[in-house]
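Undergrad: Below is the sequence, then the predicted model.
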Amino acid sequence: MTDTAVHAGTAEPAHPAHPLDPATAGEYLAGRQVLASAGLLGETARFAYYALEEPPKDEVLAAAPGGGPGRRLRAFLIDVATGESADVIVSLDEGRVVSRRVLDPASDGRVPMLGTEFELAEELVRADPGWREAMARRGLTDVTKVRACPQAAGSFGGAAGGGRRLARVLAFRQEREHDYVWAHPVDGIAAYVDLTERKVIEIVDEFQRPVPGESGDYDDPAVRGPLREGLRPVEITQPEGPSFTLDGRVLRWQGWSMHIGFDPREGLVLHQISLDDAGRARPVIYRASIPELVVPYGDPRFRYWQAFFDCGEYLLGKWTNSLQHGCDCLGDIAYLDATLTDDFGAPQLIRNAVCVHEEDFGVLWKHSDMFNGSAQTRRQRRLVVSSWATVGNYDYGFYWYFYLDGTIEHEVKMTGALFTAAYTSGDSPHAAEVAPGLAAPVHQHLFSARLDMTVDGVANAVEEVDLHGLPAGPGNPYGNAIAQTVTRLRSEAGAARRCDAARARTWRVLSTEKVNRYGRPVSYTLYPDAAPVLLADPSSSVHARAGFATHHLWVTRYDPAQRYPAGDFVNQHPGGAGLPAYVAADRGIDGTDIVLWHTFGPTHFPRPEDWPVMPVARCGFTLKPTGFFDRNPALGVPPPPGHGDGHCAAG
Ligand SMILES: [Cu+2]
């Protein structure tokens, strides 16, 4: 079989086989019926979020096969006529509303932006006399050729502050239908729109700059140049098919087992990741996802408020791509669909939302022994579970990798368009010029991974491990000694930690109940890629709202209500929610059920080479077994076919 794709997610059972399976179209409709019967779905009601409310962990772990906890859905409902929003839980089994909490915008924040509000904001600014005048001053008299780019408002108080449900709108010129708008920012102007009153409430017109004119339309051969020659086909063949199996949404491969979930806010979610070790299923992670991503911009001018919380404000998972075999994924692929809903709670299918395949990954281990003459090589392979979402200008690929030696890796691939401004880098230390008169401001991409660890059971603890050289002296007379410093993180407040690349700092998640044959706790170690945490000043609004991004590591005691690093309602939230609030109780985290939260991602000072579309940049983290096994767990990997039991050496 050459480069084939199998579609695994077509048939939708009436009752999901697994308690963590995402809500089905039938369930969304049934939930909507319950909400309507309860009088919660008037003409002006919209769904800002609607998905499976996962049952608590203890209920899932205790569930008998085929049985399991009842099915519940969570909906964020908003009345678009009044702005009143509520967090509602529906029980499908009982056919009733279990709870409904009305949000107080001043303290709770607001529900995410609705899909339809992007068009609404464009209509409103184009109809607004003040905005039209500001455009006319820039020579733009045909507003149908100006595209609005509405964004979540942030939280800054003042006249345009928390009292209103707001969007802030930037503008780009689009003369022709296929113009690439990011090349043509109409700069110096922002419109503030009240989404509930449906009107522009303020125009901030700080300066005028010529709209940069050079085309960025890379579909246009005149911009792109001729296509390269000389790239001959690369084909991935797996003549006997792939080595994984998918049973519903349960994926198994080479001892690995996991359940593939999906959520409109977080996108891809993996559950119950475990490894088979000589017939014994050994859990590693109960739940793994990327529940937040903040992109704060470092341009202090009139768009100081730009900081995108892609999950909490925009529901990243809703913008998931339908993947194409041969383009997005190569090899013998299995796809899973995602069923999400629109603003009205009506189910919408994203076909091929999740890609599962395996990849050759070079050498796994190799040795040519000078004494016994053995020369062996084994090939590494990885199981890849991935998904892509396009949130505004950026495209993000989320890749989970599982290796033959027990390593787990998460990689985010970032690509797409830079968010641009109309000035040159000579004007500003905060941006890089990428085309004449066109610049891209510096920004950060700060992801938060939520890793609900279960290393050989729920009783876990975390140690911070630093490496350093020791000064010469007694016990180290020649000064060559190197040692580890191991610090146990015992409570939540003291477990907000930062990377230290100079000490190769890692964090080890260990079982407080199971030991290996050396009598040491079995563990998995988090290897971070050290990069700056949030660089915004502690006095800034984004610092309060993205508190999670001020540390690389947080450890909390498991609480089913604590799921989002910047809090449940991020949009226009004044700050302090999420991790800083979760750890305020300073609960003990030693020998109990704990969750690791890891902040990672680059600070991106754009390069000319990132324009007009950015080559993929990567970031992520690695989890490696550390005394989880008693020796290299990949000795049993057979030699490459055709090399028998013997040598990969020449001849
Ligand atoms: Cu970037």
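TA: Arrived safely, thanks for sending.
Undergrad: quick one: the helices in the protein?
TA: 25-37, 57-62, 105-108, 117-127, 129-137, 221-224, 541-545, 579-582 (DSSP state H).
Undergrad: is it possible to export those helices to JSON lines including mean neighbour count?
TA: From N, CA and C alone the C-beta is placed, and that goes for glycine too. Formatted as JSON lines, the helices of the chain follow (neighbours: other Cβ atoms under 10 Å):
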{"stretch": "helix 25-37", "mean neighbour count": "19"}
{"stretch": "helix 57-62", "mean neighbour count": "15"}
{"stretch": "helix 105-108", "mean neighbour count": "16"}
{"stretch": "helix 117-127", "mean neighbour count": "19"}
{"stretch": "helix 129-137", "mean neighbour count": "16"}
{"stretch": "helix 221-224", "mean neighbour count": "10"}
{"stretch": "helix 541-545", "mean neighbour count": "21"}
{"stretch": "helix 579-582", "mean neighbour count": "21"}
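Undergrad: For residue 627, which of the ones you listed is the nearest?
TA: Shortest distance between residue 627 and the helices of the chain, using Cβ to Cβ, is found for helix 57-62: 24.5 Å.
Undergrad: who touches that closest one?
TA: If you take Cβ atoms under 8 Å, 6 or more residues apart in numbering as the criterion, helix 57-62 is touched by 19, 20, 54, 68, 69, 286, 287, 452, 458, 558, 560, 593.
Undergrad: Show the contacting residues for the residue nearest to the second one when sequence neighbours are not counted.
TA: Translated: residue 20. Spatial nearest neighbour of residue 20, excluding adjacent residues (Cβ to Cβ, 6 or more residues apart in numbering): residue 271 at 4.9 Å. Contact analysis of residue 271 by Cβ under 8 Å, 6+ apart lists 20, 258, 259, 260, 261, 286, 287, 288.
Undergrad: Could you dump the helices of the chain into TSV with mean pLDDT added?
TA: Formatted as TSV, these follow (pLDDT from 0 to 100):
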stretch	mean pLDDT
helix 25-37	98
helix 57-62	90
helix 105-108	90
helix 117-127	97
helix 129-137	97
helix 221-224	95
helix 541-545	97
helix 579-582	98
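Undergrad: Among these, which comes closest to residue 437?
TA: Of all the helices of the chain, it is helix 221-224 that lies closest to residue 437, at 16.4 Å by Cβ to Cβ.
Undergrad: Leaving out sequence neighbours, find the closest residue to residue 30.
TA: That would be residue 92: by Cβ to Cβ, 6+ apart, it lies 5.5 Å from residue 30.
Undergrad: Over to residue 518?
TA: Using Cβ to Cβ, 6+ apart, the nearest residue to residue 518 is residue 627, at 6.9 Å.
Undergrad: How about residue 554?
TA: Nearest residue to residue 554, sequence neighbours excluded (Cβ to Cβ, 6+ apart): residue 597, at 4.1 Å.
Undergrad: Give me the number of neighbouring residues for that neighbour.
TA: Residue 597 has 26 neighbours, counted by other Cβ atoms under 10 Å.
Undergrad: residues in contact with it?
TA: Going by Cβ under 8 Å, 6+ apart, residue 597 touches 448, 449, 450, 451, 548, 553, 554, 555, 556, 565, 579.
Undergrad: and if we set it to 7 Å?
TA: 448, 449, 450, 548, 554, 556, 565, 579 (Cβ atoms under 7 Å, 6 or more residues apart in numbering).
Undergrad: all strands of the stretch 201-350 of the chain, in order?
TA: 245-247, 250-253, 256-263, 267-277, 280-296, 307-309, 333-341, 347-368 (DSSP state E, counting those that start in this stretch).
Undergrad: helices or strands next to the fifth one in the packing?
TA: So that's strand 280-296. Strand 280-296 makes packing contacts with strand 267-277, strand 307-309, strand 443-444, strand 446-453 when contacts are defined by 3 or more Cβ pairs under 7 Å, 6 or more residues apart in numbering; DSSP states H and E.
Undergrad: now that strand against strand 256-263, angle please.
TA: Here strand 280-296 runs at an angle of 40 degrees relative to strand 256-263 (axes from the mean of the first three to the mean of the last three Cα atoms, to 10 degrees).
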